[in-house]
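Asker: sharing a sequence plus its predicted fold:
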Amino acid sequence: MSGRGFSRAITLLASLLFIPWAWADLAIIVHPDNPQQSISKHELRLIFLGRMPLFPTSGEEIIAFDLPESDSGYETFYRNVVELEGTRLKRYRAYYLFSGRGKLPRPTDSNATILQQVADNERAIGYVDSRLVNEKVKVLLTLPER
């Protein structure tokens with residue numbers, strides 16, 4: 001490769017590394033009428049592990065929604081908030097599901113589905129790419145993507 005071609009390749013690679021979509025934050029969202037105004041990472045961990053069935057502020061039942069496992073937001077969320085991933089998470093969920101002690105998040109197929117579910121249900125909570133948030137949902141917490 002010539003010096004000029006190498007220079008172009010380096011420029012292209014550098015520009016790809018700084019594209020904003022590659023570094024999206026995650027927004028924890030609820031319905032705008034949900035009285036919950038904030039949430040901690042610890043509370044999120046309990047909710048998404050099925051150990052906190054009610055919102056702390058209202059005492060209403062929580063309906064949690066998950067992104068698909070193939071989504072990078074799913075991996076980021078479970079690695080940084082729940083602190084479980086891959087096989088460990090699947091084992092925990094299988095054990096917990098069969099114990100009958102809690103309710104696991106409902107799987108969805110996309111960020112758009114979570115946005116719609118949360119916008120339609122005051123008891124719903126989910127996490128989505130923060131750039132997709134609109135006026136139909138309320139953000140309780142924003143987590144940097146790592």
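Answerer: That came through fine. Source: prediction; values computed, not measured.
Asker: pretty sure residue 143 sits against residue 81.
Answerer: Yes - here residue 143 reaches residue 81: they are 6.8 Å apart, a contact under Cβ atoms under 8 Å. The way it works is simple: take the backbone N, C-alpha and C, and place the C-beta from them, glycine included.
Asker: between these two, what contacts are shared?
Answerer: Here residue 143 and residue 81 have residue 41 as joint contacts, going by Cβ atoms under 8 Å, 6 or more residues apart in numbering.
Asker: which ones are touching the most centrally placed residue in the chain?
Answerer: Nearest to the mean C-alpha position of the chain, counting by Cα atoms, centre = their mean, stands residue 127 at 3.2 Å. The contact partners of residue 127, by Cβ under 8 Å, 6+ apart, come to 26-29, 67, 73, 77, 114, 143.
Asker: and with 10 Å instead?
Answerer: The contact partners of residue 127, by Cβ atoms under 10 Å, 6 or more residues apart in numbering, come to 26-29, 44, 48, 64-67, 73-74, 76-78, 81, 105, 111, 114, 118, 140-143.
Asker: then residue 88?
Answerer: Residue 88 touches 78, 82, counting by Cβ under 10 Å, 6+ apart.
Asker: distance of it relative to residue 81?
Answerer: Distance, residue 88 to residue 81, by Cβ to Cβ, to the nearest Å: 14 Å.
Asker: kindly report the same for residue 33.
Answerer: From residue 33 to residue 81 the distance is 24 Å (Cβ to Cβ).
Asker: between these two, which one's more packed in?
Answerer: residue 81 (22 against 7; other Cβ atoms under 10 Å).
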